[in-house]
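Enquirer: One predicted model, sequence on top.
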Amino acid sequence: MAMNRRSRRKVLIFGIVFGVAVATVLGLTAFEENLLYFYSPTQVKAGEAPQQHSFRVGGLVVDGSVNRAPDSLTIEFDVTDNTETMTIEYTGILPDLFREGQGIVAMGSLQADGRFVAQEVLAKHDENYMPPEVADALKTAEDAAKLKAIESGAANGSTGNI
Amino acid sequence: MWNWIQRFSSPKHFYSMSAPLINVFAISALLIGIYGLYLGLFVAPTDYQQGESYRIIFIHVPAAWMSLFIYMVMAISSGIGIIWQIRLADMVAAASAPIGASFAFLALVTGALWGKPMWGAYWVWDARLTSELILLFLYLGYMALQSAIDDQRSADKASGLLAIVGVVNIPIIHYSVEWWNTLHQGATVAKFDKPSMHIDMLIPLMLMALAFKLFYGALVLVRTRNEALYRDRNRRWVRELIEKL
């Protein structure tokens, strides 16, 4: 008899947890759009971002794309998700981590002429932690590997031509 | 077997067995914590991107891990308390809630202090931060239910159910950084891949996580003992204890 009560309680509890889990999954799926913290340039280009009100764009700052106005805090830069690229305009103070190649999230809206004007720029950092020397060594190794790939590619290409 | 578990998990038995463990946990937490902090703050190299500011990770991440771990302890003990009616399990759950709430609060505060210089904002409503805030509210809700209901058995049942239902939030917190585009970065250590962290930073982080676990061990023992004394204040074993004083 006691065992029966216990198993009933077990079934009840697992039932409740299962029910709430299903409800949560359904709820989260329904609110997917609101939980999405930022849009990627590809999504913006595809017209998935809201046109009327402000939203966030996230991506990597393109190397060499940062233009600062000489007489104000206005800055213009490109962000990319390695598929599409879009230009962001911002006036104000940038976080410490803002630099070329860095991931950022900008809050703002699309103007009638297609420019994205941001009111806020936040820097996103990745999950890697290492000392500067290791980062340098990794980058050197990566560059060397790239160079090697290009060289061997060129060599293969030339033999292919012959 | 059943009788054996009942006897072993009696508050009286727990009270007499747990005393020597407190010091073991507390002292090892202190020693490992001091060594971990020393390694983390003075020995670990600076980060290639964040410079010295990243060192708050040695508090922030262990605190966040503890807030999840303690929640699971609380929910599982509540389940054991409700299903098998083991009073000690209910006591452990009730004793754990304020500790877990403190760790969740600590994770949120250190995260805010870290977010301002690195991201440029103390707080953003991204999925990771929001789900951790909900975890804090779950702890507070558990504590509120515990103190709002006078009858101890009903209080344990109601707050225990809340704790068990709240478990759905735990995987959401963990996977939030993968399921959604969040400002918070992905997992560094808690993933199947090898940790994306230099070994000289990883060791102090792990030591701090261990120290936090031991600290919780000491705290939960002390708090559960107090809970046992309070709940059994009219029972014979507590009266005998008092008479011996």
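Expert: That came in fine, so what should we check first? Numbering: from 1, shown residues only, chains lettered A, B, ... in the order given.

Enquirer: Helices of the chain, residue ranges please.
Expert: Reading this off chain A. Chain-ordered helices for chain A, with DSSP state H as the definition, fall at A:2-30, A:32-35, A:41-45, A:132-161.

Enquirer: that's the wrong chain, I meant chain B
Expert: Going by DSSP H, chain B shows helices at B:2-8, B:11-38, B:57-84, B:87-118, B:127-148, B:152-165, B:169-179, B:199-231, B:236-244.

Enquirer: just for chain A, where's the confidence low?
Expert: For chain A, applying pLDDT under 70 flags the ranges A:1-3, A:30-36, A:153-162.

Enquirer: Quickly list the domain ranges of it.
Expert: Using automatic domain parsing, the domains assigned to chain A come out as A:2-34, A:37-124.

Enquirer: And those domains: which comes nearest chain B?
Expert: Closest approach to chain B among the domains of chain A (C-beta to the nearest C-beta): domain A:37-124, 3.3 Å. (Glycine included, C-beta is placed from N, CA and C.)

Enquirer: quick revisit: deepest in the core, which of the domains of chain A is it.
Expert: The highest average neighbour count among the domains of chain A, using mean count of other C-beta atoms under 10 Å in any protein chain shown, belongs to domain A:37-124 at a mean of 16.

Enquirer: does that domain come close to chain B?
Expert: Yes - on the criterion C-beta under 8 Å from any C-beta of the partner chain, domain A:37-124 is in touch with chain B at A:37-40, A:58, A:94-98, A:105, A:120-124.

Enquirer: of all these, which comes closest to B:Ile80?
Expert: A:Tyr37 (37.5 Å; C-beta to C-beta).

Enquirer: I'd assumed B:Val177 was in contact with the closest one.
Expert: No - if you go by C-beta atoms under 8 Å, A:Tyr37 and B:Val177 don't touch, sitting 10.2 Å apart.

Enquirer: Which neighbours do those two have in common?
Expert: B:Ala127 (C-beta atoms under 8 Å, 6 or more residues apart in numbering or on different chains).

Enquirer: For chain B, give me the ranges with low pLDDT.
Expert: Using pLDDT under 70, nothing in chain B is flagged.

Enquirer: and it, which residues reach chain A?
Expert: Contact residues (C-beta under 8 Å from any C-beta) of chain B with chain A: B:45-50, B:54, B:57, B:79, B:82-84, B:117-121, B:124-127, B:161, B:164-165, B:167-168, B:172, B:180-183, B:185-188, B:196-198, B:200-201.

Enquirer: Which of those are buried, as a PyMOL select command?
Expert: If you want just the buried ones from the residues of chain B next to chain A in PyMOL, going by 16 or more other C-beta atoms under 10 Å in any protein chain shown, the selection is:
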select buried, chain B and resi 47+48+49+50+54+57+79+82+83+118+119+120+121+124+126+127+161+164+165+167+168+172+180+181+182+183+185+188+196+197+198+200+201
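
Enquirer: and of the helices of chain A, who's closest to B:Ala89?
Expert: Nearest to B:Ala89, of those and by C-beta to C-beta, is helix A:2-30 at 13.3 Å.

Enquirer: hang on, the earlier thing: now the domains of chain A as JSON lines including distance to B:Ser154?
Expert: Output for the domains of chain A, formatted as JSON lines (distance: least, C-beta to C-beta, whole Å):
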{"stretch": "domain A:2-34", "distance to B:Ser154": "15"}
{"stretch": "domain A:37-124", "distance to B:Ser154": "41"}
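
Enquirer: among the ones you listed, which is nearest B:Gly36?
Expert: Per C-beta to C-beta, nearest to B:Gly36 of those: domain A:37-124, 26.1 Å.

Enquirer: Endpoints of that closest one, how far apart?
Expert: 12 Å (C-alpha to C-alpha, to the nearest Å).

Enquirer: What residues does the residue nearest to A:Ser109 when sequence neighbours are not counted make contact with?
Expert: In space, and not counting its chain neighbours, A:Ser109 is closest to A:Ser54: 4.1 Å by C-beta to C-beta, 6 or more residues apart in numbering or on different chains. Counting by C-beta under 8 Å, 6+ apart, A:Ser54 touches A:Met107, A:Gly108, A:Ser109, A:Gln119.

Enquirer: on that earlier part again, among the helices of chain A, which comes closest to A:Arg115?
Expert: So among the helices of chain A, helix A:41-45 is nearest, using C-beta to C-beta, at 11.8 Å.

Enquirer: what does that closest one rub up against?
Expert: A:Ala49, A:Val57, A:Gly59, A:Val79, A:Thr80, A:Asp81, A:Thr83, A:Glu84, A:Thr85, A:Met86, A:Leu110, A:Phe116.

Enquirer: Check the offset of that helix from the chain's centre.
Expert: Centroid separation for helix A:41-45 versus its chain: 12 Å, with C-alpha atoms, centre = their mean, to the nearest Å.

Enquirer: now stretch B:179-187
Expert: Remark: stretch B:179-187 is offset 23 Å from the chain centroid, using C-alpha atoms, centre = their mean.

Enquirer: wait, which of the domains of chain A is closest to B:Ala104?
Expert: Of these, nearest to B:Ala104 by C-beta to C-beta is domain A:2-34, at 19.0 Å.

Enquirer: tell me, what residue is most central in chain B?
Expert: Residue closest to the mean C-alpha point of chain B, counted by C-alpha atoms, centre = their mean, is B:Ile70 at 3.1 Å.

Enquirer: And it, how close does it get to B:Ala89?
Expert: 14 Å (C-beta to C-beta, to the nearest Å).

Enquirer: now B:Leu207, nearest residue through space, not along the chain?
Expert: Per C-beta to C-beta, 6+ apart, closest to B:Leu207 is B:Gly36, 3.3 Å.

Enquirer: From B:Lys191, how far off is B:Thr182?
Expert: 15 Å.

Enquirer: Return the residues in contact with residue 91.
Expert: Just so you know, I chose chain A. A:Ser72, A:Leu73, A:Thr74, A:Ile75.

Enquirer: try again with chain B
Expert: B:Pro11, B:Thr224, B:Glu227, B:Ala228, B:Arg231.

Enquirer: What of B:Leu138?
Expert: B:Tyr71, B:Leu162, B:Ala163, B:Gly166, B:Asn169.

Enquirer: Buried residues, stretch B:9-27. List them.
Expert: B:Ser9, B:Ser10, B:Pro11, B:Lys12, B:Phe14, B:Tyr15, B:Ile22, B:Phe25, B:Ala26.
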